[in-house]
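A.B. asks: Generate coordinates for the sequence data below:
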Amino acid sequence: MRIIQLETSTALCSAALSEDGRLLQYREAEGRNVHSSLAAVLIRDILEAAGLKVTDCDAVAISKGPGSYTGLRVGVSTAKGLCFGAGLPLIGVGTPEVLVAQAAAAGLIPAGCRHIVPMIDARRMEVYSAVFTPEGQRLTEVAPTIVTEDSFADILADGTPVLFIGDGAEKCRAVLGNHPNAVFAQCCPKASALSAPAAAAYNEKRFEDVAYFEPFYLKDFIATVSRKNLF
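C.D. replies: Presented below is the predicted three-dimensional model:
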């Protein structure tokens with residue numbers, strides 16, 4: 001079971017190749033507008049490094065959001081193109097689930113932790129977040145949250161460490177950093193963390209409809225008018 005994995009929901013663009021849930025190859029790039037120019041390149045590189053073609057793989061997995069509108073569009077479009085071209089099934093994994101899996105794979109979960117809060121950076125003091133158990137069970141809906149001193153007070157009050165992980169964690173640290181139970185891991189979700197959830201989805205045949213699948217934007221896109229003088 002070989003799965004091509006792609007993560008483009010934040011500033012980091014990454015691709016990975018796994019076999020039976022075990023990571024074989026990984027590449028990443030970070031910077032402005034790298035998703036549109038490098039997503040396909042990273043996939044090409046991991047396949048070449050493994051001596052494989054797209055048709056040698058069994059599925060494509062994509063981190064489906066929430067996150068950057070542009071990044072998600074590029075990632076989903078790239079994944080769909082691979083699926084249509086090679087006749088492969090598509091697996092969609094929520095970005096919060098990717099961060100929870102990443103925390104486990106990287107050994108970031110503190111001893112005694114009962115709650116993990118993945119955080120994807122949004123505007124100003126807002127993040128996209130939910131509450132999970134360390135085993136990956138989602139306890140609350142994924143929702144936009146304005147981080148205040150009262151945020152997550154219920155789980156912080158239970159006396160055990162709470163791990164806040166994602167590219168929005170540092171924003172949360174600025175407000176909740178003095179709480180003795182709060183632990184922060186500032187990082188972007190990575191395609192390598194898709195290995196376990198993608199393998200589970202493949203084994204359970206939880207595939208997306210390639211024709212109709214769309215990213216989980218969570219909020220509607222709001223277009224802005226440029227203030228630059230174009231003429």
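A.B. asks: what about Leu52, which SS state?
C.D. replies: Secondary structure, DSSP: H, G, I helix; E, B strand; the rest coil: Leu52 is coil.
A.B. asks: correct me, but it touches Ser18?
C.D. replies: No: counting by CB atoms under 8 Å, Leu52 sits too far from Ser18 to count as a contact (11.9 Å). In short, each C-beta sits where N, CA and C put it, glycine included.
A.B. asks: So which of those two has more stuff around it?
C.D. replies: The neighbour comparison of Leu52 against Ser18 (other CB atoms under 10 Å) goes to Ser18, with 26 against 17.
A.B. asks: The helix or strand containing the more buried one - contacts with which helices or strands?
C.D. replies: Applying DSSP states H and E as the criterion places Ser18 in strand 12-19. When contacts are defined as 3 or more CB pairs under 8 Å, 6 or more residues apart in numbering; DSSP states H and E, strand 12-19 packs onto strand 2-7, strand 22-30, helix 34-50, helix 195-203.
A.B. asks: what's the overlap in contacts for Leu52 and Ser18?
C.D. replies: Listed as contacting both Leu52 and Ser18 by CB atoms under 8 Å, 6 or more residues apart in numbering are Arg2.
A.B. asks: Just say helix, strand or coil for the closest residue to Ala101 other than its chain neighbours.
C.D. replies: Excluding its sequence neighbours, the residue lying closest to Ala101 (CB to CB, 6 or more residues apart in numbering) is Ala193, at 4.6 Å. Put simply, Ala193 is helix when judged by three-state DSSP.
A.B. asks: Surely Ala193 touches Pro96?
C.D. replies: No: using CB under 8 Å, Ala193 is not in contact with Pro96; the gap is 11.3 Å.
A.B. asks: where does Val127 fall, phi/psi-wise?
C.D. replies: Dihedral pair for Val127: phi -140, psi 160, per degrees, to the nearest 10.
A.B. asks: how close does the closest residue to Gly31 other than its chain neighbours get to Leu24?
C.D. replies: In this structure, Gly31 finds its nearest non-sequential neighbour in Ala11, 7.7 Å apart by CB to CB, 6+ apart. Relative to Leu24, Ala11 is positioned 25 Å away (CB to CB, to the nearest Å).
A.B. asks: cool, and Ala182?
C.D. replies: Distance from Ala182 to Leu24, by CB to CB: 35 Å.
A.B. asks: More neighbours: which of the two?
C.D. replies: Of the pair Ala182 and Leu24, Ala182 is the one with more neighbours under other CB under 10 Å, namely 20 against 16.
A.B. asks: Could you point out which residue ranges in this structure have low pLDDT?
C.D. replies: Applying pLDDT under 70 to the chain flags residues 220-231.
A.B. asks: OK, contacts around the spatially most central residue of the chain?
C.D. replies: The centre of the chain sits closest to Thr95, judged by CA atoms, centre = their mean, with a distance of 3.1 Å. Contacts here follow CB under 8 Å, 6+ apart; on that basis Thr95 touches 7, 9, 63-67, 118, 120, 128, 189, 216.
A.B. asks: Just give me the closest of those residues to Ala201.
C.D. replies: Lys64 (11.4 Å; CB to CB).
A.B. asks: Surely that closest one is in contact with Val76?
C.D. replies: Yes: between Lys64 and Val76 there is a contact under CB under 8 Å: 7.0 Å.
A.B. asks: Now for these two: what residues contact both?
C.D. replies: In contact with both Lys64 and Val76: 213, 215, using CB under 8 Å, 6+ apart.
A.B. asks: about what we covered before: now the strand holding Ser18: how far from the chain's centre is it?
C.D. replies: 11 Å (CA atoms, centre = their mean, to the nearest Å).
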